[in-house]
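[1] Provided below for reference: sequence and predicted model.
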Amino acid sequence: MKGFRLPQATLRTRLIIGFAVVTAPLVILLLWNNLYSTTVVRSQVAQSNRSLLTMYMNDMDKVLEEIQNYLFKTAEQNRDLLSLSQNERGGWDYYRAKTQMAADLGVNSNYYEAADVLFAYSSKYDDLFVSQQQSVSFQRKRDIQSRLHEILKAGAGADTPFSGWTVTELNGSHALVRIVDTGYGSAAGAWVDLDRLMKPLHALGESGKGEAVLLGGHSGSLPLTTLKAGLRDELQATGAAADTEAAAGAYTIAKLPQPYLLVAQPSRMAGMRLVLLVPEKSLLEGLPYFRYLTYTVPVLAAILLAMYLYYLQRAVVVPMHRLIKGMRKIRSGDLSARLPDSRLPEFVTINETFNGMASQIEHLKIDIYEEQIRTQKAELKHLQAQIQPHFFMNSLNIVYQLAQIRSFDIIQSIALHLVRYFRFTINTAAASVTIHQELEHIRDYLTIQKHRFPETLEFDFKVEAGLENYLLPPLSIQPIVENAMVHGFSTSGGGPFRILIAVSRNGASGEGAAAGGIRIDVADNGKGFAPGMAERLAARVEEQEPGERHVGLWNVARRCRLFYGAAVSLKFENGAERGALVTLGLPEEQDADNRQAG
């Protein structure tokens, strides 16, 4: 954007940026080096453990494949199994086939040690023949038989042991079941306990270097083998299916109770994955130096930065701030600002030069200020004297008109008001008057005018309580009232010409003066301002020279500004219904006692 400029950086900001430019690359390089080392270690460990998992998973799949091939062979070639449902129950042929089948299962259970149970089943007579390993207890055998009866009675279908190796649960443990149907009312099957299948890998958990577990189930994150209780719950709660799928390609970091490096290998024989979880803490224990630096260097850099900034704060920034603060005080008008002594030779010279310049400017400004006061007093008296002939001529004209109609009682009343009016007017020694005195003077003026126009002139005063002693230059309101009489007097509306003078405090949202000052409203119901006149008058009173017209209003604004030495406003507008409204806005109120004390 054209003309837009970024703010200039302070000295402190520049020093911090310089320190950051030097130290930040070193810290970033250290962090990157540690991150790279960590990534390399993770990758190497993951590759090594993947080879281990692949070997174990291939062994498991080979065992399952051999058992499954045995079952297929038995279902196709074993005549005793095929004839179980062909012979009558209780007959010699059935008894012989049953005995021979049980013996065959017993022999093969010794050969296929991974299978906890080998069994044969006659669906016609609901007979189940089981041969278990010696490590399987009698009670465990009965529980397995009961579970197998449920599975066999359910029959074949999708996702059942009849279609492939299927995970089943029994008393909190999981096993793989495979059933092969002969097609003649009989079947052969095997029960493989997964915890026993995983026994060689449980040594990892005992050594504390990692945990191996089989995951499966519908969610893909159900632990099927023994695992630490806390780790098991976290694994199920977080749903590790997505993590194990990602780990099947390379590895992933699972956010469990603590970060774990997770490597997975899917089984080709069953719907499960062999997962190895290695604690990242033990994984990275070979990098103590880099880990120490990673945590220590940023802390040391922060400490050095704090010490560096503290030194610069005392040696450079604080003296600079004192110098800037002193210059701002000088600019705001406080010429008493002085800088204390400094330890740095450069700042000693700067402070001495600043203090000498401030002292010279203070004395010079006092001389100029006193001369300005004398000039303003002379100009104020000149302006007061300038407006007196204007009022005098108007007053003589009123007396002349009353003498023509020979109203001697009215002349006596007017004479009294004229005496007070001119006594107030010619008192040029008074630098200020109160609101009450100014309004009494205006009352004399309007009373004279009312004697002239008894039926067509009305006036009223409204002064907010507490403002009677507010000080202002003499004849600040009277010219505005006189202009209302001269230029706004009208009876064409059918009623008397009314003038209202209201004095009130100016609120936070008030118009005409700054918040905290007062406003003086002179309103009438006369002709009002002609189009464009209000704007011309507002511009006229802001000019530097009086000009030839509207000198009275210009004098009011000029004298008030000289008197208060602050912003003064004079606003012109037409009333809501008719007539004119002139608002004089003055600064915050000062009563007579405070003014004299100042």
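    Now that the structure is in, tell me what you want to look at. Numbers count the residues shown, from 1 in each chain.

[2] Longest helix in the chain, by number of residues?
    Longest helix in the chain, counting residues (DSSP state H): helix 11-77.

[3] Point out where the stretch 251-400 of the chain drops to low pLDDT.
    Along the stretch 251-400 of the chain, segments meeting pLDDT under 70 span 251, 253-257, 282-295, 335, 343-344, 346, 367, 369-399.

[4] hey, where'd the helices end up in it?
    280-283, 288-312, 318-332, 345-404 (DSSP state H, counting those that start in this stretch).

[5] hmm, back to that, what helices or strands is the longest helix of the chain leaning on?
    Other elements packing on helix 11-77 under the criterion 3 or more Cβ pairs under 8 Å, 6 or more residues apart in numbering; DSSP states H and E are strand 173-181, strand 186-193, strand 259-266, strand 273-279, helix 280-283, helix 288-312. Glycine gets a C-beta too; all of them are placed from N, C-alpha and C.

[6] Turn these into JSON lines, including mean neighbour count.
    Shown next, in JSON lines, are these (neighbours: other Cβ atoms under 10 Å):
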{"stretch": "strand 173-181", "mean neighbour count": "22"}
{"stretch": "strand 186-193", "mean neighbour count": "25"}
{"stretch": "strand 259-266", "mean neighbour count": "22"}
{"stretch": "strand 273-279", "mean neighbour count": "24"}
{"stretch": "helix 280-283", "mean neighbour count": "16"}
{"stretch": "helix 288-312", "mean neighbour count": "13"}
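
[7] Output the ones you listed as CSV; include the columns distance to residue 213.
    Formatted as CSV, the helices and strands packed on helix 11-77 follow (distance: least, Cβ to Cβ, whole Å):
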stretch, distance to residue 213
strand 173-181, 11
strand 186-193, 15
strand 259-266, 10
strand 273-279, 5
helix 280-283, 17
helix 288-312, 28
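
[8] pretty sure residue 523 is in a helix, no?
    No. Under the criterion used here (DSSP: H, G, I helix; E, B strand; the rest coil), residue 523 is strand, not part of a helix.

[9] Tell me how many other residues surround the spatially closest residue to residue 521 that is not a sequence neighbour.
    Leaving aside its chain neighbours, residue 521 sits nearest to residue 502 (4.5 Å; criterion: Cβ to Cβ, 6 or more residues apart in numbering). Neighbour count for residue 502, taken as other Cβ atoms under 10 Å: 15.

[10] and the nearest residue to residue 88 once chain neighbours are set aside, what does it touch?
    Once flanking residues are discounted, residue 88 sits nearest to residue 94: 6.1 Å by Cβ to Cβ, 6+ apart. Taking Cβ atoms under 8 Å, 6 or more residues apart in numbering, we find residue 94 in contact with 84, 87, 88.

[11] again with residue 72
    residue 180.

[12] residue contacts, residue 280?
    For residue 280, the contacting residues are 253, 258, 259, 260, 261, by Cβ under 8 Å, 6+ apart.

[13] do you know how far the second one is from residue 227?
    Going back to what we said before, that points to residue 258. Counting by Cβ to Cβ, to the nearest Å, the gap from residue 258 to residue 227 is 15 Å.

[14] picking that back up, next one, pLDDT for the residue nearest to residue 88 please.
    The confidence metric pLDDT takes the value 81 at residue 94.

[15] Which one (most neighbours) among the contacts of residue 94?
    Neighbour max across these (other Cβ under 10 Å) = residue 84, 28 neighbours.

[16] Please, which helix or strand holds the residue nearest to residue 88?
    Following DSSP states H and E, one finds residue 94 within helix 92-111.

[17] ok, the residue lying closest to residue 336 once chain neighbours are set aside - how many residues close by?
    Leaving aside its chain neighbours, residue 336 sits nearest to residue 362 (7.1 Å; criterion: Cβ to Cβ, 6+ apart). Look at residue 362: counted by other Cβ under 10 Å, it has 14 neighbours.

[18] ok, residue 362 touching residue 338?
    No. Applying Cβ atoms under 8 Å as the test, residue 362 and residue 338 come out as separate, 10.2 Å apart.

[19] where does the stretch 1-150 of the chain have low pLDDT?
    The model of the stretch 1-150 of the chain has pLDDT under 70 over residues 1-12, 14-15, 30, 33-34, 36-42, 44-48.

[20] related to what we said a few turns ago, so for residue 258 and residue 227, which sits in the more crowded spot?
    Under the criterion of other Cβ under 10 Å, the comparison of residue 258 against residue 227 puts residue 227 first, with 21 against 11.

[21] Relative to residue 54, how far out is that one?
    Residue 227 is 21 Å from residue 54, by Cβ to Cβ.

[22] What is the three-state secondary structure of the closest residue to residue 93 other than its chain neighbours?
    The shortest distance from residue 93 to any non-neighbouring residue, by Cβ to Cβ, 6+ apart, is to residue 87 (4.1 Å). Look at residue 87: counting by three-state DSSP, its state is coil.

[23] swap in residue 218?
    Three-state call for residue 218 (three-state DSSP): coil.

[24] How about the backbone phi and psi for residue 467?
    The phi/psi pair for residue 467 (degrees, to the nearest 10) reads phi -100, psi 0.

[25] what residues are up against it?
    Counted by Cβ under 8 Å, 6+ apart, residue 467 has contacts 435, 503, 504, 505, 518, 589.
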